[in-house]
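Engineer: please work out how this folds:
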Amino acid sequence: MPSATYLDQYLYKLRTRHLTQITEAALALKLGHCELPATLEQAEDWLLRLRALADEPQNSLPDIVIWMLQGDKRVAYQRVPANEVLFSRRGASYCGKNCGKLQTIFLKVGSFSSSHDYIFLVQGLSPAPFVAPPVV
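Structural biologist: Sure thing, here's the model as predicted:
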């Protein structure tokens, strides 16, 4: 893995080991004759393990925050994960699931305060749909 950090290498090994264990357990379950409740319990355990593996501890892309302003006051906001609207020239499989799509975003009432950094701070609303710029 070029330019991978120690954490990236460790996570790759951990995920590979867990996927191998799940595959071996699934094959053993397929060849064995287990009751339905035991099979469902095992499948739920696999699902929990896969969900835990899918979480990324180092989120390198900060969220997009859309603000609605009234005068100088922020009256409503909504956070959009950047990976959902990300664009890539490599193709559709590398783009976010909502890339280039018109979305209806419901704003939350109130003020949002956090020490996070954000890529975009959209102030105000325009009739044009918001599309994230391309990231190479």
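
Engineer: surely Cys99 is in a strand?
Structural biologist: No - Cys99 is assigned coil when assessed by DSSP: H, G, I helix; E, B strand; the rest coil, not a strand.

Engineer: that one and Pro81, how far apart?
Structural biologist: 12 Å (CB to CB, to the nearest Å). To be clear about C-beta, it is placed using only N, CA and C from the backbone, and glycine gets the same treatment.

Engineer: shared neighbours, the two?
Structural biologist: In terms of CB atoms under 8 Å, 6 or more residues apart in numbering, Cys99 and Pro81 are not both contacted by any residue.

Engineer: return the per-residue confidence for Leu36.
Structural biologist: If you check Leu36, the pLDDT there is 84.

Engineer: what sits against it?
Structural biologist: Applying CB under 8 Å, 6+ apart, no residues contact Leu36.

Engineer: below-threshold pLDDT in the chain: ranges please.
Structural biologist: For the chain, the stretches flagged by pLDDT under 70 are 1-4, 57-60, 111-136.

Engineer: can you list the domain ranges for it.
Structural biologist: Listed by automatic domain parsing, the domain ranges of the chain are 6-54, 64-123.

Engineer: neighbours around His10, how many?
Structural biologist: One correction, residue 10 is Tyr, not His. 11 (other CB atoms under 10 Å).

Engineer: how about it, secondary structure?
Structural biologist: Quick answer, by three-state DSSP: Tyr10 is helix.

Engineer: separation between it and Leu50?
Structural biologist: For Tyr10, the distance to Leu50 - CB to CB - is 18 Å.

Engineer: Glu24 too?
Structural biologist: In terms of CB to CB, Glu24 sits 15 Å off from Leu50.

Engineer: so between these two, which is more surrounded?
Structural biologist: Set side by side, Glu24 and Leu50 show more neighbours around Leu50, with 13 against 10, by other CB under 10 Å.
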